[in-house]
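Participant: just to be clear, the model below is a prediction. Sequence and coordinates:
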Amino acid sequence: MAATAIDYTVLRSRRARRVRVTVEPLGDVRVVLPEGAPERLAADAVQELAPWITRRLARAANARQALAARGATVPYLGEPLRLEPQAGRSVVHRHGATLLVPPGDARPALERFFRRAARREFAARLDRASAASGDRHAGLSIRAQRTRWGSCSSSGRISLNWRLMLAPSRVVDYVVWHEVCHLRIADHSPGFWRLLGERQPTWREDRAWLAEHGATLTL
């Protein structure tokens, strides 16, 4: 619907206590309303947040262009690998700078490939960072969080988003170090950022890269 110049979709949720507006990574605008709330609240929210939504939509448009520009390639730690469909194949196999993939829609198989690679790659980086800091973690989970690249539980278990395998290597290191720093300081206090700066001096640039290009980390 388009009560404003911005197209959006209204969703209703029993658990929602207030109006919530989200812009999906590739540009879908969604307004979540509590059950029973008048629909005009959606239009009011979109109008009020129009400048923010417009900025997010512009970023989403740039992401779509970047994805289209990939052609028959996919990034692996920021480096392009060529996709080569192979008849009869069901499992992705890397051969140098080429990924041999199933014919047709290879995304499910590619996700499984990247999840496996993420567990190996992230575990090694996490163990190195944990050993260097002297802060022990309680294990690693590979997840597909919609709004987070990583998290650290109160028990010290760290979760990392497999889609980081599509990001440059230094960005992966930033997220790993971010979560390792949370093993010592749980919040985002000034002390946390000082500690992160000591361990990952480029964290500001890395965080900015994720904010600008995070929507392109998809298959």
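Facilitator: Received, thanks. Residues are numbered from 1 along each chain as shown.
Participant: residue 32 and residue 22 touch, don't they?
Facilitator: Yes - between residue 32 and residue 22 there is a contact under CB atoms under 8 Å: 7.4 Å. (C-beta placed from N, C-alpha, C; glycine too.)
Participant: please parse this structure into its domains.
Facilitator: 9-69, 106-216 (automatic domain parsing).
Participant: out of those, deepest packed?
Facilitator: Most buried of the domains of the chain, by mean neighbour count (mean count of other CB atoms under 10 Å): domain 106-216, with a mean of 17.
Participant: which elements pack onto the helix ranked longest in the chain?
Facilitator: Identified as the longest helix of the chain according to DSSP state H is helix 107-133. Counting contacts by 3 or more CB pairs under 8 Å, 6 or more residues apart in numbering; DSSP states H and E, helix 107-133 is packed against strand 98-101, strand 140-143, strand 158-161, helix 169-182, helix 190-199.
Participant: what does the second one rub up against?
Facilitator: Okay, so that is strand 140-143. Strand 140-143 is contacted from outside by 115, 118, 119, 122, 123, 126, 157, 158, 159, 160, 161, 162, using CB atoms under 8 Å, 6 or more residues apart in numbering.
Participant: name the next helix or strand downstream of it, please.
Facilitator: Using DSSP states H and E, the next helix or strand after strand 140-143 towards the C-terminus is strand 150-152.
Participant: now for that next one, which elements pack on it?
Facilitator: Counting by 3+ CB pairs under 8 Å, 6+ apart, strand 150-152 packs on strand 158-161, helix 169-182.
Participant: dump those to CSV, plus mean pLDDT and distance to residue 145.
Facilitator: Listed next are the helices and strands packed on strand 150-152 as CSV, based on pLDDT from 0 to 100; distance: least, CB to CB, whole Å:
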stretch, mean pLDDT, distance to residue 145
strand 158-161, 98, 5
helix 169-182, 98, 11
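Participant: residue 84 is nearest to which of the ones you listed?
Facilitator: helix 169-182 (23.6 Å; CB to CB).
Participant: between that closest one and helix 107-133, how big is the angle?
Facilitator: 60 degrees (axes from the mean of the first three to the mean of the last three CA atoms, to 10 degrees).
Participant: please state the offset of stretch 205-219 from the chain centre?
Facilitator: 7 Å (CA atoms, centre = their mean, to the nearest Å).
Participant: related to what we said a few turns ago, go through the helices and strands packed on helix 107-133 and name the closest to residue 26.
Facilitator: Of the helices and strands packed on helix 107-133, nearest to residue 26 by CB to CB is strand 158-161, at 16.6 Å.
Participant: partner strands of the closest one and their direction?
Facilitator: strand 140-143 (parallel), strand 150-152 (antiparallel) (DSSP bridges).
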